[in-house]
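Q: sequence below, structure please.
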Amino acid sequence: MIKTNKELRICRNCQEEKPLDLFEVDARAKGGRTNRCRVCKFESNNKSLKAFRRLYERQTKYPVPIETDEQEFTALFDIMGRACTYCGSKYESTPTIEHITPLDMENSRHHISNLTLICKSCNSAKRDKPLLVYYEQNFFDFPVGNLSNVVRHIAYFSERTFDEVVEELEEQKREYCEARGWDYYATFFIGRRDVPKRSRTGRRHDVSLA
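A: Numbers count the residues shown, from 1 in each chain. You can find the predicted model right below:
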């Protein structure tokens, strides 16, 4: 009996070791195959397409123009579909599409620059809060490195600078606080780069969003 040694590879999504021929073909990847198995690709595509269709289902409540497509949603699930963009925890169920600037706020968009994936827990907690308000209220569960990555994501896909995005996020927080009679500086403040910060415990933090 002749034994054949099939090359094995671990799928980056399901973490299962499988024969190489069960992985996607991609001439750009090492060995001509990606690190994602076909099963995970199929499941990811199904989730992304369902999520994309939900944008149209929400048009009645939020008549915001749809400026994205199925291909971008598939890429979003492929790149961000393993761990929550905010808290960093691995998904135990299907991730939730998050509008970084909530749909009921001015200048919100169905655009890749305003979309990411988060866990159900973060989605439930953030609701209609601006990003910086949510960050400041969940500082210990939302690492500043993750916040910085979100700002970079917005800046890259909206073709703006990092600081321009931070300015917009600060203005959203300011308007949100004023509408509720809150003191803008009462919570943990995220401002310009290299400004000393204080946590809710009173300890100082040197936070840089760079």
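
Q: what's the single longest helix in the chain?
A: Ordering each helix of the chain by length in residues (DSSP state H) puts helix 38-57 first.

Q: go through stretch 84-93 and flag the buried ones.
A: Buried residues in stretch 84-93, counting neighbours by 16 or more other Cβ atoms under 10 Å, are found at Cys84, Thr85, Tyr86, Cys87, Tyr91. The way it works is simple: take the backbone N, C-alpha and C, and place the C-beta from them, glycine included.

Q: gap between the two ends of that stretch?
A: Start-to-end span of stretch 84-93 (Cα to Cα, to the nearest Å) is 11 Å.

Q: likewise stretch 122-141?
A: Stretch 122-141 stretches 10 Å from its first residue to its last (Cα to Cα).

Q: for stretch 91-111, same thing?
A: End to end - Cα to Cα - stretch 91-111 spans 23 Å.

Q: so what's Phe157 up against?
A: His111, Ile112, Ser113 (Cβ atoms under 8 Å, 6 or more residues apart in numbering).

Q: ok, what's across the strand from the residue nearest to Gly32 when sequence neighbours are not counted?
A: Nearest non-adjacent residue to Gly32, counting by Cβ to Cβ, 6 or more residues apart in numbering: Val25, 6.3 Å away. Val25 has these beta-bridge partners by DSSP bridges: Arg33.

Q: just the pLDDT for Val25.
A: Turning to Val25, the model gives it a pLDDT of 81.

Q: how much space between it and Arg9?
A: 13 Å (Cβ to Cβ, to the nearest Å).
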